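Visitor: Next one to model:
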Amino acid sequence: MREGGDWLEAARARGGSRYDMVWAHPVYPTWEYEMVVPAGRWLVRPESDGLERADPREVEVDLRPGDYERVDFVVDGGHGRGGGRRTRVRVEDVQRDRVREATVEAWPAHPDVREDGPIAAAKTGWSDAILRGLGDEEYLFVAGKRGYVEAGKVAKAPVPGEKNGGVRLRLGRGAVVHAVARGADEKAVAGVEVVLERQDDFVSLLADREIADWVVRPTGATDKSGHLWMRGIYPGLYRLTGAHRRSGEAMFFAEFRDKGESRWEREFEKEYRGDEEDELEIRLVPAGVLRARLHCSDGSELAPEADLAIHDGLQTHDPGKAWNEAVYKAEAYVLEGQRRDTFHVGPLDPGAYR
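Guide: Numbering: from 1, shown residues only. Coordinates of the predicted model:
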């Protein structure tokens, strides 16, 4: 971004925008790229590790609301590190159906040389993913998508034109969590947020942040019918928690039980081993809410974010350990309200807090 339009400038004046660069993904199978950006003056250029020449090198465009601008570039060079061949990667589910919008990455085969990230990456569209810039050696090919268990294998990049040339990866089904939330009147409750936090040290092979975050912390919310489906849960040990915030300021803890059981738990430990289906029931328990408004002593406007730490009010704390000993903490909490000066924290157990 060279210069923001009215919307961006107003947001920046309030400290609420860090919008300065947009990366585009290709629209398959045309290899056109499309970006939707706020109005303003933008500099557009193609970039790639293997790019040798682009004509033009860059183009400046001035966009107003509703404008559609087309820019054409003629480029030479590979699309990965050092040029190389095109490698086709097919991604399937357990029924061998093609999976669209899956992330595919190629890494060095040896684990000791993976610090620099993937050598090539692409997404599947209506057809297979195309990785460019690979040589004759072996690579670790990995594929994943939210809602599936990732797959990977070490293989040589196939020679173009060979019969059955290409890499085939099959994503796992994973565990399925189905939960139903009902109120005291047995009516469905929408918007109950459910979180599974992984309790072991498993790390995704993929560099894609959306998938990596899903692996360690799958999240979801019940729909209007009170149902929640979370699919593609990786094998492992998890802690299940949840909460609900109604319109206004009321907050609730979510309590869980296995379908048909009698005991309710606020924190539920779950271990998934494969592609099992877990049936859960959810009820809501009223919780405390802490709401406060911040003011600057000199009357100036606040920054839009704050670090919050809430402590047990009946215990003393070492100031040097105050952050680590907090019962609730949030970094870069986005303040609420029209003036961005309010925090609204919960659900909390009844009690005294500082």
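Visitor: Based on its surroundings, how many neighbours for residue 290?
Guide: The local packing of residue 290 (other C-beta atoms under 10 Å) involves 15 other residues. (Glycine included, C-beta is placed from N, CA and C.)
Visitor: Could you pull up the residues touching the nearest residue to it once chain neighbours are set aside?
Guide: Distances taken as C-beta to C-beta, 6 or more residues apart in numbering place residue 345 nearest to residue 290, at 4.6 Å, with adjacent residues excluded. When contacts are counted by C-beta atoms under 8 Å, 6 or more residues apart in numbering, residue 345 touches 289-291, 308, 310, 328, 330.
Visitor: do that again at 10 Å, thanks
Guide: 251, 288-292, 308, 310, 328, 330, 333, 353 (C-beta atoms under 10 Å, 6 or more residues apart in numbering).
Visitor: What are the boundaries of the strands in the stretch 101-250 of the chain?
Guide: Taking DSSP state E, counting those that start in this stretch to define them, one finds strands in the stretch 101-250 of the chain at 103-108, 120-123, 129-134, 138-144, 151-156, 167-170, 175-181, 193-198, 219-221, 227-233, 236-245.
Visitor: just how off-centre is stretch 192-199 within its chain?
Guide: Distance of stretch 192-199 from its chain centroid, counting by C-alpha atoms, centre = their mean, to the nearest Å, is 14 Å.
Visitor: before we move on, what about stretch 222-230?
Guide: Here stretch 222-230 is found 20 Å from its chain centre; the criterion is C-alpha atoms, centre = their mean.
Visitor: got it, and stretch 189-208?
Guide: 10 Å.
Visitor: so where's the stretch 101-250 of the chain shaky on pLDDT?
Guide: 159-165, 247-249 (pLDDT under 70).
Visitor: now with 90?
Guide: 101, 109-117, 119, 123-137, 156-166, 183-187, 200-205, 207-214, 245-250 (pLDDT under 90).
Visitor: For the helix or strand harbouring the residue nearest to residue 290, give the mean pLDDT please.
Guide: Per DSSP states H and E: residue 345 is located in strand 342-348. Mean pLDDT, computed over strand 342-348, is 83.
Visitor: One more: stretch 32-39?
Guide: The average pLDDT for stretch 32-39 rounds to 81.
Visitor: circling back: how far off strand 236-245 does the strand holding residue 345 point, in degrees?
Guide: Going by axes from the mean of the first three to the mean of the last three C-alpha atoms, to 10 degrees, strand 342-348 is angled at 120 degrees with respect to strand 236-245.
Visitor: want to try JSON lines for the strands of the stretch 101-250 of the chain, with mean neighbour count as columns?
Guide: Shown next, in JSON lines, are those (neighbours: other C-beta atoms under 10 Å):
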{"stretch": "strand 103-108", "mean neighbour count": "24"}
{"stretch": "strand 120-123", "mean neighbour count": "22"}
{"stretch": "strand 129-134", "mean neighbour count": "23"}
{"stretch": "strand 138-144", "mean neighbour count": "24"}
{"stretch": "strand 151-156", "mean neighbour count": "15"}
{"stretch": "strand 167-170", "mean neighbour count": "20"}
{"stretch": "strand 175-181", "mean neighbour count": "21"}
{"stretch": "strand 193-198", "mean neighbour count": "18"}
{"stretch": "strand 219-221", "mean neighbour count": "14"}
{"stretch": "strand 227-233", "mean neighbour count": "19"}
{"stretch": "strand 236-245", "mean neighbour count": "19"}
